[in-house]
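> Okay, here's the prediction I keep looking at, along with the sequence it came from:
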Amino acid sequence: MATDSPLKRLLVHTTHYGVTSLFNMVAGLVTFPLLTRLFSVADYGTMNLVAATLTISVAVGKVGLQHSILRYHSEIQAGKSRYTLAQLAATTFLGMGGTALAVMLALVIFAQLAPPHWLGDPRLGRLFAIAGLLIVVQVLESALVNFLRAEQLTSVLMKYQIAKKYLGLGFILIAVLLISRTLTAFYSASVVSETVAVGLLGLWMFRRSERARPHAAEFSRPLYVEMLGFGIPMMIGYELSGLILSVGDRYVIDGIMGEEQLGLYAAAYNLCQYVQALVIASIGQAIMPIYMQMWDQKGVAETSAFIGRSLRTYLMFGIPIVAGLAAVGPELLPSLASEKYASAAGILPWVMGGMVADGTNSMLGAGLFIHRKTRTIMTIVLSCAALNIVLNLILVPRIGIQGAAIATLICYSIAAPSMAWAGRSLLPIALPWRTLLTAGVASVAMYFALIHVMPGRRLLSVGVRALLGIPIYGGIMMLISPDARALMGKLINRFRRKAAP
């Protein structure tokens, strides 16, 4: 793999993450309509409130050390660090395991002792007591997964995440269909399946003699302090602030409008996340280990050029996703989630647009990540998170859940170019305005060409519009975009070389 070009490696790793996301999306398309029908809209809102709280708790439990894994692993492999991989493994797993246990206990104790009116739903104390176990499980999984990412073993990661998803799907279906149609059964099944999956992954990873095992004797206090110095600002400024950007609106909607409206918003948001995981998150996961390695081995010019090319390609695929979801969303959401969620379809393009903008952070902020400018990242993302809460408090009472979606798009659209501007002297990344313009024009044209095709036929409408949208967008881009023509030329040449005898 070392002799492959960075773009080829990015394509391979993105494909692995994309295949994982595709299988996970298929599983989601089974559970999504099932859960939205088995549970009431209010129950679905409560479920997402628990999920949002767990997500924040897991982020705190990791204390940002998962970000340190990628950076320190690259330095150690390049011979630029005074630490060893054995020290990195021991310090990471023991450190993250300890903080995860502390956060889990704090959440469970709070849920049991808090006054009932603080929690609202009387079931939350019991649900947090069960689901709190997932904090430790998911924190340790993050450590394992990020070692695989650092080693660029994306094929292994792909197999694990697919197997884990379907194991969890099986447990959940058995629990809610055969045992009890309650949120207690849902979270109990989740705890069991995720614990089994992470345990098996750990056994597989550390049975290999060449991989450093996390022995207590190898724990390095100086390394732990360094990793915390890098990780805590990333946790506060990037991860937690990013989570406030993505889930903070749930608490505002629940407090102002109640669980019914939260359920509507959550269903539409979750549908966007399935699409996000398939394309957007795959590129973000794949590209960071590659450009970290490029920086350590090849320097500024090649790293900057590689990220610039990757960013243009990303926008050519990301922008039409927003327009495509806007065109099919009014038919897709009620088809999957049932008619009771149809009114939430209008927020889909706003949320999806924010997610596409967020997907550029790993590229536009590359200089900040490489140079560990965590305080700068913290300032940018924390400011946008605060802005998101303010906008939600202003917009949600006036225009409902669409206000939360609009706030999401505004804040993500501010965060991405801010990172590029802040890191311009460390690693210049040119904003591809021409690609942004041409992809935007082609996407808008595609949207208006599709929106009135076969209205009211639900999944049939979705399928026909999707099949028509791809050639419409592709044809327009070939006419107006030099980047699209260059990319197509490379694909054709590659196909010819492979087809040649």
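Yep, that arrived. Owing to the predicted nature of the structure, the values given are computational and were not obtained by experimental measurement. Residues are numbered from 1 along each chain as shown.

> Show me the shaky parts of the stretch 351-500 of the chain.
498-500 (pLDDT under 70).

> again but with the stretch 151-300 of the chain, I slipped
By pLDDT under 70, the low-scoring segments of the stretch 151-300 of the chain are 208-210, 237-238, 278-282, 284-286.

> hey, where'd the helices end up in it?
In the stretch 151-300 of the chain, the helices defined using DSSP state H, counting those that start in this stretch lie at 154-174, 183-206, 221-234, 241-257, 259-278, 280-298, 300-337.

> got the contact list for the shortest one?
Meaning helix 221-234. 62-68, 71-72, 83, 87-88, 91-92, 95, 372, 374-375, 377-378 (CB atoms under 8 Å, 6 or more residues apart in numbering). Using the backbone N, CA and C atoms, a C-beta is placed for each residue, glycine as well.

> So which of those residues sit within strands?
With DSSP state E as the criterion, strands contain none of those.

> which of these are buried?
Taking 16 or more other CB atoms under 10 Å as the criterion, what is buried in these is 62-68, 71-72, 83, 87-88, 91-92, 95, 372, 374, 377-378.

> Can you dump the C-alpha atoms of stretch 110-130 in CSV for me?
The C-alpha coordinates for stretch 110-130 follow below in CSV (Å, rounded to 0.1, in the frame of the first residue of the first chain):
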residue,chain,number,x,y,z
PHE,A,110,-27.3,11.8,38.6
ALA,A,111,-30.2,10.1,36.9
GLN,A,112,-31.1,8.3,40.2
LEU,A,113,-30.8,11.3,42.5
ALA,A,114,-32.1,14.1,40.3
PRO,A,115,-35.5,15.6,41.1
PRO,A,116,-38.2,14.1,38.9
HIS,A,117,-39.1,17.4,37.3
TRP,A,118,-35.5,17.8,36.0
LEU,A,119,-35.8,14.6,33.9
GLY,A,120,-39.4,15.1,32.8
ASP,A,121,-40.0,11.5,31.6
PRO,A,122,-40.0,9.2,34.7
ARG,A,123,-38.5,6.4,32.6
LEU,A,124,-35.2,8.3,32.0
GLY,A,125,-33.7,7.2,35.4
ARG,A,126,-34.1,3.6,34.5
LEU,A,127,-33.0,4.1,30.9
PHE,A,128,-29.8,5.9,31.8
ALA,A,129,-29.0,3.2,34.3
ILE,A,130,-29.1,0.6,31.6
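
> Pull the distance from it to the chain's centre.
Relative to the centre of its chain, stretch 110-130 is centred 28 Å away, using CA atoms, centre = their mean, to the nearest Å.

> Then stretch 52-70?
That offset, for stretch 52-70, works out to 13 Å (CA atoms, centre = their mean).

> gap between the two ends of it?
25 Å (CA to CA, to the nearest Å).

> and the helices of the stretch 151-300 of the chain, which is most packed in?
Greatest average neighbour count among the helices of the stretch 151-300 of the chain goes to helix 259-278 (a mean of 23), per mean count of other CB atoms under 10 Å.

> Rebuild the helices of the stretch 151-300 of the chain as JSON lines, extending it with distance to Val462.
Formatted as JSON lines, those follow (distance: least, CB to CB, whole Å):
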{"stretch": "helix 154-174", "distance to Val462": "23"}
{"stretch": "helix 183-206", "distance to Val462": "28"}
{"stretch": "helix 221-234", "distance to Val462": "39"}
{"stretch": "helix 241-257", "distance to Val462": "25"}
{"stretch": "helix 259-278", "distance to Val462": "12"}
{"stretch": "helix 280-298", "distance to Val462": "20"}
{"stretch": "helix 300-337", "distance to Val462": "5"}
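
> Compare those and give me the one nearest Leu368.
The minimum distance between Leu368 and the helices of the stretch 151-300 of the chain falls on helix 221-234, with 10.1 Å, by CB to CB.

> List of residues touching stretch 26-43?
Taking CB under 8 Å, 6+ apart as the rule, stretch 26-43 contacts 44, 47, 165-166, 169, 172-173, 176, 181, 183, 186, 258-260, 263-264, 267, 270-271, 274, 336-338, 340-341.

> and Tyr269, what does it touch?
By CB under 8 Å, 6+ apart, the contact set of Tyr269 is 347, 351.

> closest to Ile130 out of the helices of the stretch 151-300 of the chain?
Nearest to Ile130 among the helices of the stretch 151-300 of the chain is helix 183-206 (4.8 Å), distances taken as CB to CB.

> could you say what helices and strands the closest one packs with?
helix 41-62, helix 124-131, helix 133-150, helix 154-174 (3 or more CB pairs under 8 Å, 6 or more residues apart in numbering; DSSP states H and E).

> And those: which comes nearest Cys411?
Smallest distance to Cys411 across the helices and strands packed on helix 183-206 (CB to CB): 16.7 Å, for helix 41-62.

> Can you check what angle separates the closest one from helix 124-131?
50 degrees (axes from the mean of the first three to the mean of the last three CA atoms, to 10 degrees).

> Which positions in helix 41-62 come out as buried?
So, applying 16+ other CB under 10 Å, buried residues of helix 41-62: 41, 43-62.

> same thing with stretch 99-113?
Buried residues in stretch 99-113, defined by neighbour count with 16+ other CB under 10 Å: 99-100, 103-104, 107-108, 111.

> Check stretch 417-434 too.
Buried residues in stretch 417-434, counted by 16+ other CB under 10 Å: 418-420, 422-423, 426-427, 429, 431-432.

> swap in stretch 450-464?
450, 458, 461-462, 464.

> got the CA positions of it in PDB?
C-alpha atoms of stretch 450-464 as PDB (Å, rounded to 0.1, in the frame of the first residue of the first chain):
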ATOM      1  CA  LEU A 450     -37.100  16.300 -10.600                       C
ATOM      2  CA  ILE A 451     -39.400  17.900  -8.000                       C
ATOM      3  CA  HIS A 452     -42.600  17.500 -10.100                       C
ATOM      4  CA  VAL A 453     -41.800  14.000 -11.500                       C
ATOM      5  CA  MET A 454     -44.400  11.400 -10.400                       C
ATOM      6  CA  PRO A 455     -45.700  13.100  -7.300                       C
ATOM      7  CA  GLY A 456     -47.400  11.100  -4.600                       C
ATOM      8  CA  ARG A 457     -46.100   7.700  -5.600                       C
ATOM      9  CA  ARG A 458     -43.800   7.400  -2.500                       C
ATOM     10  CA  LEU A 459     -41.000   4.900  -3.000                       C
ATOM     11  CA  LEU A 460     -41.700   4.600  -6.800                       C
ATOM     12  CA  SER A 461     -41.300   8.400  -7.000                       C
ATOM     13  CA  VAL A 462     -38.100   8.200  -5.100                       C
ATOM     14  CA  GLY A 463     -36.600   5.500  -7.400                       C
ATOM     15  CA  VAL A 464     -37.600   7.300 -10.600                       C
END
